[in-house]
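# Prediction below, plus the sequence it came from.
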Amino acid sequence: MSTQSLIPQPKQNPAPPESQREQEVIAELRQLLLGTERAQAARLRPHLERINPHELGRVLPTAIRLRNDETSSSDQQLADALMPTVASALKVAVKRDPQSVADAIFPVMGPAIRQAVWHQFSQLVQQLDKKLQHGLSWQGLKWRIEAWQTKKSFAEIVLYHTLLYRVEHVYLIHRETGLLLEHAARGEVSESDAEIESGMLTAFKTGIQDLAHDLYKNEADASKSVMRVGELEFWFAQGPQVVLACVLRGAPPEEFYTGVMAPTIETIQRDYSAEIDEFEGDPAPFGPTRPLLEACLQESQREADSQGFRVSPYLLVPVAVIIIALAVWAFLTIRDNRRWREYLGRLEAEPGIVITETGARDGRYYVAGLRDPLAESPEAILARTSALAPDDVTGRWQPYQALDAEIVGKRVREILRPPDSVKLSLSDGALTASGSAPQAWIEQARRIAGIAPGVNSFREQGLIDEEILNIKAKMEAEVPRFIVGTARFAPGQDEKRRQLLDDVKRLFDLADRNRVAVRMEVTGHTDDTGAVEFNDRLSRERAEMVRALFIASGIDASRLTAIGVGSRQPVRADPQTNETEGAEMNRSVTFHISVDAGSQSGRQ
């Protein structure tokens, strides 16, 4: 060890580091450059912390107006910031006062609805025009032949020849994981196609990512890539975190990418950056992006050749013939169907006919069902009411017994065969007979009327044995005469007297048998000679004498009455002298017989 190492050396201060010196210089420079602004900010801070909402309300409209004046039309940041607040305010306004909101938007809704309807109508006309153009032209005929030869549909052939490009599917894919965030497809594209193409995208996702990664590193336009698989093209728009993939047919122009895909991916990347950063496998937050994806489902077709609308005159002739034939066939078919429906309606309304089956067989109308033998035949109804030819209709009918009132009435008349003087009526299964008929028919009706199908009971409403009416008429026509001034029969009246007794006995016997109430009034008359009091007494004596004669023969006295009318009711009203035939007729008695059959229930 040297002696020099043992001698204490004086301390030396180390030089300051170079970085510290640089920081001091930067701080001095910051103070020189920003000192004034920092002082102003320090003075403004207390004011901002104590800002009044009322003051903010006064300056906020001016600030928004200045912001709109200073920014370009493409800057939507302010609109995007205010949109949730405006939407919430509109919902509250609709709930509180819907009428005011309706009145406010009414001037806008009318033109908007008309424009939407006109747009849809224009599209319909254009589609119809294209179908007519493709169907009624030589080019359309060629395409139909091509479709027949290639075993493809006519729509596919037309699409192949007229389509420039069409976007069928749009996928939004998470770039890092390759998971599907949202998907949009055309309405006419089947779900099976969507599943197939989605599977293809999943299979290609690794290659797509590698390809996009390489392009991003090596090319200026690395955000776009294209892949072809069969008839389909896959266009990809690469964003920092998501990929927009479009499945297309045809050859779209470059403007489709620059004008549609690129703005769409930029909008999604900007508006959904927070959802993308927080994505952990749940695609639900990206549902609102569907309208943006549907806007990419565009289609373009070649302009139609003006020659396509020209139809050859040679083609017009068969087309016209076909159209006329179809029109005639349609007219005849509609007319016959209308006649057939009318015929079926009349059959259904006919009592005793039940239709169970209708249709067409072997080129003829067919009807089957049940028919009562007493109902009108379907053939007669067809000939009477329809213009259909009998050979155009085939019918098959099974017999049955109908319970329609009209058919039951026909059946009862067929069984009972009532005389013309009898009236039959049916109501709720009760058969009522009225009028006059022979006693034999009345007894037969009582026995068999109730057994007819559809008849529950038989009633006699004023049904009288016609023999009672005959005797009644006969007796009321008889005028027994008397000797002048006495109550004795005139000579030669013995036979008439015996006949009267026989008739009155038969009358009341038939009345008792048929449960008919019969009453007889005997009226005495005189000629106009003599005093009135004498004539009244004499006429009453003549009536009492005949009444007593009937009672003596066995007639119930309660059924007989006797009155005298003197000469007040002459039998012959214009006698010339007392000795004329008229005077003799007035010296007589007359009979008035009342018959009341009433309502009688017959056999149940």
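Happy to help now that I have it.
# contacts, neighbours, all on C-alpha from now
Will do.
# May I have the phi/psi pair for Arg488?
phi -110, psi 140 (degrees, to the nearest 10).
# And it, how far from Glu544?
11 Å (CA to CA, to the nearest Å).
# So for those two, which sits in the more crowded spot?
Glu544 (22 against 16; other CA atoms under 10 Å).
# buried ones in stretch 469-486?
For stretch 469-486, burial by neighbour count (16 or more other CA atoms under 10 Å) applies to Leu469, Ile471, Lys472, Met475, Val479, Pro480, Arg481, Phe482, Val484.
# Could you pick out which of those are located in helices?
Assignment to helices by DSSP state H places the following of the buried residues of stretch 469-486 there: Leu469, Ile471, Lys472, Met475.
# which residues touch stretch 326-345?
With contact meaning CA atoms under 8 Å, 6 or more residues apart in numbering, stretch 326-345 is reached by Tyr365, Leu382, Thr385, Ser386, Ala387, Leu388.
# tell me which element the residue nearest to the second one when sequence neighbours are not counted falls in.
With sequence-adjacent residues excluded and distances taken as CA to CA, 6 or more residues apart in numbering, Leu382 is closest to Tyr343, at 6.8 Å. For Tyr343, the host element (DSSP states H and E) is helix 313-349.
# next one: Thr486
Using DSSP H and E, no helix or strand contains Thr486.
# distance of it from Gly564?
When distance is defined by CA to CA, Thr486 is 14 Å away from Gly564.
# now do Ser558
Ser558 is 18 Å from Gly564, by CA to CA.
# Neighbour count: the two, which is higher?
Each of Ser558 and Gly564 has its neighbours counted (other CA under 10 Å); Gly564 has more, 23 against 9.
# so who does the spatially closest residue to that one that is not a sequence neighbour touch?
Once flanking residues are discounted, Gly564 sits nearest to Arg540: 3.8 Å by CA to CA, 6+ apart. The contact partners of Arg540, taken as CA under 8 Å, 6+ apart, are Thr523, Gly524, His525, Ala562, Ile563, Gly564, Val565, Gly566.
# Who wins on neighbours among these?
Most surrounded of the contacts of Arg540: other CA under 10 Å gives Gly524, at 33 neighbours.
# can I assume that residue is in contact with Val589?
Yes: in this structure Gly524 lies within contact range of Val589 using CA atoms under 8 Å: 4.4 Å.
# what about the helices in the stretch 351-500 of the chain?
Ranges of helices in the stretch 351-500 of the chain, per DSSP state H, counting those that start in this stretch, are 378-385, 405-416, 439-448, 466-477, 494-513.
# of these, which approaches Glu233 most closely?
Among those, helix 378-385 comes nearest to Glu233, with 68.1 Å by CA to CA.
# Any idea how far that closest one is from the middle of the chain?
Distance, stretch centre to chain centre, for helix 378-385: 33 Å (CA atoms, centre = their mean, to the nearest Å).
# Okay, buried residues for that helix please.
Pro378, Leu382.
# Between helix 313-349 and it, find me the angle.
Interaxial angle of helix 378-385 relative to helix 313-349 (axes from the mean of the first three to the mean of the last three CA atoms, to 10 degrees): 120 degrees.
# Tell me which other helices or strands helix 378-385 touches.
When contacts are defined as 3 or more CA pairs under 8 Å, 6 or more residues apart in numbering; DSSP states H and E, helix 378-385 sits against helix 313-349.
# Going by neighbour count, which residues of the helix it packs on are buried?
Asp336, Arg339, Trp340, Tyr343, Leu344, Arg346, Leu347.
# swap in stretch 294-304?
Going by 16+ other CA under 10 Å, stretch 294-304 has these buried residues: Glu294, Cys296, Leu297.
# so of these, which ones are in helices?
Short answer: the buried residues of stretch 294-304 in helices (DSSP H) are Glu294.
# Turn the buried residues of stretch 294-304 into JSON lines, including distance to Ala284 and pLDDT.
Formatted as JSON lines, these follow (distance: CA to CA, whole Å; pLDDT from 0 to 100):
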{"residue": "Glu294", "distance to Ala284": "17", "pLDDT": "90"}
{"residue": "Cys296", "distance to Ala284": "20", "pLDDT": "91"}
{"residue": "Leu297", "distance to Ala284": "21", "pLDDT": "89"}
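# Now render the buried residues of stretch 294-304 as CSV, adding distance to Leu82.
Converted to CSV, those look like this (distance: CA to CA, whole Å):
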residue, distance to Leu82
Glu294, 25
Cys296, 27
Leu297, 29
